[in-house]
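In: Quick one: sequence and predicted model below, then my questions.
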Amino acid sequence: AHASKAAALAAAPPPPAPASANQGPLRLGPHPGRVVALDLKIPLKYARELVRRARRGDEIARRTVAPSAAFWTALKNSGREAELHRDELYVREVPPPPPAFDEHRHAGVICDGCDKRPIVGARYHLVGQDYDLCGACKAQDQTSRPFVRINAPKDARRVISEATEAAQAAQTAAVAAAAQASAAEADEADAALQAAVAMSLQDLSSMAAEDARAPDSDEESAVLVEKLVEDA
């Protein structure tokens, strides 16, 4: 019945388009003639003529191919995809689209506090360590460890590099300050030692001077005894 009706429509001259034919476009995919031919099971040349007349405003042709268009539209809206191979229509599931790019999604970075993967939002990286925390875990961290905040993945390499260089510079400055303090302490100890040696040498000089002023014990003792005897 469909084949004879389609053949009659294709052979007859197209009537003028009525006012009610001004409707939305027929959505039949990239190969509308083949879709109609497969759906109505009519020859391809008749299907193409029906589609051509329907698009020119033929109301009868439009109503004839409308179920095919509705089927194609419902198929596309169902998340499936149709492919035409010769005289067969293959329908397959359309894979879900990849997740939209999120500039705050740190792909491949796992939170070492709650195992959240990936970290979305602010990422807190422990300088000098392979350790990262999400915003929630960082809020619970009460330590004074040096974390650096990374807002967007595109800034991660630059922020980590700058933080590492700053930490190395601070460590180098601390080592230099410690060495300078040690040198100052050594100088103070050396000065104290020299002062003690100088005081010791001064004490020895004083004792030597006193010894020089003291009389010889044997001779002067004899003289003093003789003098005491004479006075007696």
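Out: Structure received.
In: okay, now A122: neighbour count?
Out: As a burial measure, A122 scores 15 neighbours (other Cβ atoms under 10 Å). Bear in mind the C-beta positions are built from the backbone N, C-alpha and C, glycine included.
In: Kindly apply the preceding question to R123 instead.
Out: 27.
In: State the distance from the closest residue to it other than its chain neighbours to A166.
Out: Excluding the flanking residues, the one nearest R123 by Cβ to Cβ, 6 or more residues apart in numbering is I150, at 4.3 Å. I150 is 15 Å from A166, where distance means Cβ to Cβ, to the nearest Å.
In: And those two? Which one has more around it.
Out: I150 (23 against 13).
In: what stretches of this structure score poorly on pLDDT?
Out: 1-30, 75-76, 79-94, 96-103, 193, 196-198, 200-232 (pLDDT under 70).
In: hey, where'd the strands end up in it?
Out: 80-85, 88-93, 105-106, 119-120, 123-126, 132-133, 147-150 (DSSP state E).
In: The fourth one pairs with which strands?
Out: Spelled out, that is strand 119-120. Under the criterion DSSP bridges, strand 119-120 sits next to strand 105-106 (antiparallel) in its sheet.
In: before we move on, what about the fifth one?
Out: Each strand pairing with strand 123-126, determined using DSSP bridges, is listed with its direction: strand 132-133 (antiparallel), strand 147-150 (antiparallel).
In: can you count the residues close to V35?
Out: V35, neighbours per other Cβ under 10 Å, totals 24.
In: wait, doesn't it sit right on P67?
Out: No. V35 lies out of contact with P67 (Cβ atoms under 8 Å); the separation is 10.9 Å.
In: my guess is L50 meets V35, correct?
Out: No. Using Cβ under 8 Å, L50 makes no contact with V35, being 11.0 Å away.
In: picking that back up, residues touching the residue nearest to R123, list them.
Out: By Cβ atoms under 8 Å, 6 or more residues apart in numbering, I150 lies in contact with H106, A122, R123, Y124, H125, A156, V159, I160.
In: what about the nearest residue to D39 once chain neighbours are set aside, distance to C137?
Out: Closest residue to D39 apart from its sequence neighbours, by Cβ to Cβ, 6+ apart: S68 at 4.1 Å. S68 is 57 Å from C137, where distance means Cβ to Cβ.
In: same question, A47
Out: For A47 relative to C137 (Cβ to Cβ), the value is 63 Å.
In: Show me which of the two is the more surrounded one.
Out: Neighbour tally, A47 and C137, criterion other Cβ under 10 Å: the higher count belongs to A47, 26 against 17.
In: In contact with that one, which residues are there?
Out: A6, G33, R34, V35, V36, A37, L40.
In: Nearest to A192 among those?
Out: Within those, the smallest distance to A192 is 103.1 Å, found for V35 (Cβ to Cβ).
In: how many other residues sit next to the nearest residue to Q140 once chain neighbours are set aside?
Out: Closest residue to Q140 apart from its sequence neighbours, by Cβ to Cβ, 6+ apart: G113 at 7.6 Å. G113 has 16 neighbours, counted by other Cβ under 10 Å.
In: The chain should start at 53 in everything you say after this.
Out: Got it, first residue is 53 now, which makes that one G165.
In: just checking, G165 touches Y183?
Out: No. At 9.3 Å, G165 does not count as touching Y183 under the criterion of Cβ under 8 Å.
In: show me where the chain has helices.
Out: Using DSSP state H, the helices of the chain run over residues 54-63, 84-92, 96-108, 111-129, 187-192, 208-265, 269-283.
In: Would you mark the buried spots in the second one?
Out: Burial within helix 84-92, assessed by neighbour count using 16 or more other Cβ atoms under 10 Å, is assigned to P84, G85, R86, V87, V88, A89, L90, D91, L92.
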